[in-house]
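Participant: Need coordinates for the below:
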Amino acid sequence: MTRRTPLSLALALALAPLPGLAAPAPAPEPANAKRTLATIEVVGRLPAPETAEGSATTLDQSVLVSARALTVNEALRKVPGVTVRDEEGFGLRPNIGIRGSNPTRSTKVLILEDGLPAMYAPYGDNASYYHAPIQRYDRIEVLKGAGLLRFGPQTITGAINYITPDPPEDASGHAEISVGTRGYRALHASVGGQGLLVDLGHKQGDGARDNTALEQTDLFAKYQWQVNEQHALTFRANTLREASEVGYSGLTEAESRNFGAEYYPFENDLFDIEHGALSASHAWTPREGLQLLTSAYYTEFVRDWWRQSSTTTDTQCGTAFRDARLRGERVNPALCNSAQGRLRRYYTWGVDTRLTWNTSLFGTAGSSEAGLRWHEEDQVRFQVNGTAPAARTGTLVENNLRTAEALAAFATTTFDLGTVQLTPSVRREDIAFARQNRLPGGLGGAEDIAETTWGLGANWIVSDAVVLFASAHEGFAPPRVEDLIAGNGTSVAVGAEDSLNLELGLRTRWQGIDLEATVFRTDFANQVVVGSIAGGSTPLAQGETEYAGFEFAAGMNRGALQRRSGEFYANLAVTWLPTAEQSTVLRRVDTGAAANGSVAGNRLPYAPDLTTTFRVGYVRGAWDGSVEVQQVGRQWADFANTRHPVVNGDGQIGQLDGYATWSATLNYEPTGSAWSGYLAVKNLTDREYIVDRTRGILFGNPRQIVAGLRYGW
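Facilitator: Okay, the predicted model is just below:
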């Protein structure tokens, strides 16, 4: 299943002498400079026009704090090209899409923390079932161009890299408490000094629906040690605990109509997770302009999800129970003697090493990077069927081990030709998948995937204020283990996703206004779409697809929040996606039939045609106030582009109408005072709108009011 093009082979041969992987990053610091971080950056502290590989965005503390982003969804919707979807109200399970990709569980996006894999199974099951509190990150980097080949394995739509703060040398810290409607309570505290940082976050509340109590606690520690001028060490440790009453099913059409957006009857559902992560990074700078950064990482993720319904159409509680829901009758889960536990254990570890130097491949002006990564992951999956409404034990019906072992290498170099920089890249992935049914008489199987992809980026510095950039790269994303290897151990006729990704853009700064405009196109030779969800109601399908659109970002008066001298500021992010097309009929992998009415030329589901976020504020002295509006265009819920849902249907088909929501924030930060506070109102008008129909109707978050008080020292 290896695909090579003449260009990828040429690049591989040209870069073969390099010791690993490479990318056009800014040149390493001189050996006599203070180096206190061993962190992989996707973009850098600011997306420098002369070095960024394609379109790039950085959200820093001034944006995250001023806008009082309570969740990752609120933060990322400020980035052009990014689509986010709320689920439970706290952003605990992010649904992120980039450039039209389906946002469900963020499966089409590469998520990193300090440049290392943040998800528990990026090769074998790239789904996001948890997210750390957004408050503990220093900044968020988003990259969508050819620079993706420095990371992986998801190198199609984009990468999101969360950067943790550098520990302070002098003792300092802060504590913040927040309270709000819907039972919202939150605590965030951070303390550090002498190269050590400890961060604690806790939040709880009632969520966006009935019977959806949420509670999460996150503890993070980071230590940096500058051993000497040549060596620096960074250690990170994290533990996260969540115990929430959150379910899986949406609403039927009749339930939505009769009981409203916040109705959810399944009070016995439980979502319980424990997450732990360790990493150590060593930065060695033997001489000026040369650095070797090596990181080892380990992640353990335990997820127990007990639920009485996975979709509006399953019969876990019996056909009479299902039919009552379809008729819009109020059901009593206490009368359903069933609770199914999807119990998951994920273990992930690996070593990532990267060498950077400040010349091009041939020793001319430029920069280079080469790297190598060994990565392993084990999934231990159980299903236990209980016979009581709140059962937490029962009959074991699934015991499955799924593994992935991957060796990845990349190389990239930038040729600095004065006003023009050219950056060719190449990446290689060799992956071994295996699956074993560990029930008595169970079967197993194995399958390998190997892929070489190429990329080429270019920047032209037209003037001090204008930069043109372009990039082209082959994208790659492996299938899940369960999609590639069937339960009986046989190989399934599903391939890896592969695409050709093109973009052309312009960056400029003019009289206090920053602008970036990008046109993009993504052609999938093979895209794996939707995939099976719990309950098996949506079959796995694949085919050719095409996405094309335009992104625009504008920022006015970027320094106003620092000057605080009585100025307006504004930010705008626009994504126009006129094309999100099923180029061929998307066919079910199991039968070869058209998937849920797929027709060539139809629009792909969950790809809004227009998404806009606009924020305007005024800051003077201690006061900073802003208003933000997010607009999301219409979307389809199925491949057939069914416009009108069935009146008493399951809620899983039908057009999702466009909507707009407003938020307002008021911050008070007096100069010289250790105290500060804020008041934020999310969904100011309490707009009701549908965000998802995958498992039935799911509405967006209702209005929420939150007030906070912070003390820093």
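Participant: how many neighbours does residue 288 have?
Facilitator: 14 (other C-beta atoms under 10 Å). (Each C-beta comes from the backbone N, C-alpha and C, glycine too.)
Participant: Correction: the previous question concerned residue 674.
Facilitator: For residue 674, the neighbour count with other C-beta under 10 Å is 10.
Participant: ok but residue 653 is inside a strand, no?
Facilitator: No - the assignment for residue 653, made by DSSP: H, G, I helix; E, B strand; the rest coil, is coil rather than a strand.
Participant: residues touching it, list them.
Facilitator: 637, 638, 640, 642, 645, 646, 693 (C-beta atoms under 8 Å, 6 or more residues apart in numbering).
Participant: so where do the strands sit in the stretch 451-600 of the chain?
Facilitator: 466-477, 497-510, 513-529, 541-556, 565-582, 587-588 (DSSP state E, counting those that start in this stretch).
Participant: where in this structure is pLDDT low?
Facilitator: 1-38, 44-53, 530-538 (pLDDT under 70).
Participant: for it, what spans make up the helices?
Facilitator: Taking DSSP state H as the criterion, the chain contains helices spanning 6-15, 61-66, 72-76, 253-259, 319-327, 481-484, 560-563.
Participant: will you turn those into TSV that also has mean neighbour count and distance to residue 380?
Facilitator: Converted to TSV, the helices of the chain look like this (neighbours: other C-beta atoms under 10 Å; distance: least, C-beta to C-beta, whole Å):
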stretch	mean neighbour count	distance to residue 380
helix 6-15	16	36
helix 61-66	17	36
helix 72-76	24	27
helix 253-259	19	35
helix 319-327	16	31
helix 481-484	23	12
helix 560-563	16	47
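Participant: Dump stretch 411-425 to PDB, keeping only the CA atoms.
Facilitator: Only the C-alpha atoms of stretch 411-425 are listed here, as PDB (Å, rounded to 0.1, in the frame of the first residue of the first chain):
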ATOM      1  CA  ALA A 411      13.500  16.000   6.200                       C
ATOM      2  CA  THR A 412      13.100  19.600   5.200                       C
ATOM      3  CA  THR A 413      15.400  22.400   4.100                       C
ATOM      4  CA  THR A 414      14.900  26.000   3.300                       C
ATOM      5  CA  PHE A 415      17.000  27.700   0.500                       C
ATOM      6  CA  ASP A 416      17.200  31.400   1.300                       C
ATOM      7  CA  LEU A 417      17.600  33.200  -2.100                       C
ATOM      8  CA  GLY A 418      17.200  36.700  -0.700                       C
ATOM      9  CA  THR A 419      13.600  37.800  -1.100                       C
ATOM     10  CA  VAL A 420      12.600  34.200  -2.000                       C
ATOM     11  CA  GLN A 421      12.700  31.100   0.200                       C
ATOM     12  CA  LEU A 422      12.000  27.600  -1.200                       C
ATOM     13  CA  THR A 423      11.400  24.700   1.200                       C
ATOM     14  CA  PRO A 424      11.100  21.100  -0.100                       C
ATOM     15  CA  SER A 425      10.100  18.400   2.400                       C
END
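Participant: residues of that stretch that come out buried?
Facilitator: Buried residues in stretch 411-425, counted by 16 or more other C-beta atoms under 10 Å: 411, 412, 413, 414, 415, 416, 421, 422, 423, 424, 425.
Participant: Sort out which one of the residues you listed lies nearest residue 368 for me.
Facilitator: Using C-beta to C-beta, residue 413 comes nearest to residue 368 of the buried residues of stretch 411-425, at 4.1 Å.
Participant: is it true that residue 458 touches residue 470?
Facilitator: Yes - contact criterion C-beta atoms under 8 Å: residue 458 and residue 470 qualify, at 5.0 Å.
Participant: still on that earlier bit, output the buried residues of stretch 411-425 in CSV; the columns should cover distance to residue 607.
Facilitator: Converted to CSV, the buried residues of stretch 411-425 look like this (distance: C-beta to C-beta, whole Å):
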residue, distance to residue 607
411, 33
412, 30
413, 35
414, 33
415, 36
416, 38
421, 33
422, 32
423, 29
424, 31
425, 27
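Participant: ok, for residue 352, nearest residue in space, not its chain neighbours?
Facilitator: Sequence neighbours aside, residue 373 is the residue nearest to residue 352 in space, at 4.4 Å (criterion: C-beta to C-beta, 6 or more residues apart in numbering).
Participant: and that neighbour, bridged to which residues?
Facilitator: Taking DSSP bridges, one obtains residue 352, residue 408 as the residues bridged to residue 373.
Participant: Pull up the gap between the residue nearest to residue 62 when sequence neighbours are not counted and residue 615, please.
Facilitator: Computed as C-beta to C-beta, 6+ apart, the closest residue to residue 62 that is not its neighbour in sequence is residue 561, at 4.9 Å. Distance of residue 561 to residue 615, given as C-beta to C-beta, to the nearest Å: 12 Å.
Participant: what sits against residue 558?
Facilitator: With C-beta under 8 Å, 6+ apart, residue 558 has these contacts: 512, 514, 569.
Participant: Throw these into CSV and include distance to residue 116 and neighbour count, thanks.
Facilitator: Shown next, in CSV, are these (distance: C-beta to C-beta, whole Å; neighbours: other C-beta atoms under 10 Å):
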residue, distance to residue 116, neighbour count
512, 36, 13
514, 30, 16
569, 34, 21
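Participant: Return the member of those nearest to residue 64.
Facilitator: Taking the contacts of residue 558 together and measuring to residue 64 by C-beta to C-beta, the closest member is residue 569, at 14.7 Å.
Participant: which residues touch the closest one?
Facilitator: Counting by C-beta under 8 Å, 6+ apart, the residues that residue 569 touches are 555, 556, 557, 558, 560, 561, 616, 617, 618, 619.
Participant: What residues are bridge-paired with it?
Facilitator: Following DSSP bridges, residue 569 is listed with bridge partners residue 617.
Participant: same check, this time on residue 416
Facilitator: residue 421.
Participant: my guess is it meets residue 368, correct?
Facilitator: No - the criterion here is C-beta under 8 Å, and residue 416 misses it with residue 368 at 11.0 Å.
Participant: Distance-wise, check residue 621 relative to residue 672.
Facilitator: 11 Å.
Participant: let me redo that: residue 378
Facilitator: Distance from residue 378 to residue 672, by C-beta to C-beta: 53 Å.
Participant: swap in residue 274?
Facilitator: Distance of residue 274 to residue 672, given as C-beta to C-beta: 42 Å.
Participant: more neighbours, these two?
Facilitator: The residue with more neighbours, out of residue 274 and residue 672, is residue 274; 16 against 5, by other C-beta under 10 Å.
Participant: before we move on, the earlier item: export the contacts of residue 558 as CSV, with columns for distance to residue 399.
Facilitator: Shown next, in CSV, are those (distance: C-beta to C-beta, whole Å):
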residue, distance to residue 399
512, 61
514, 54
569, 56
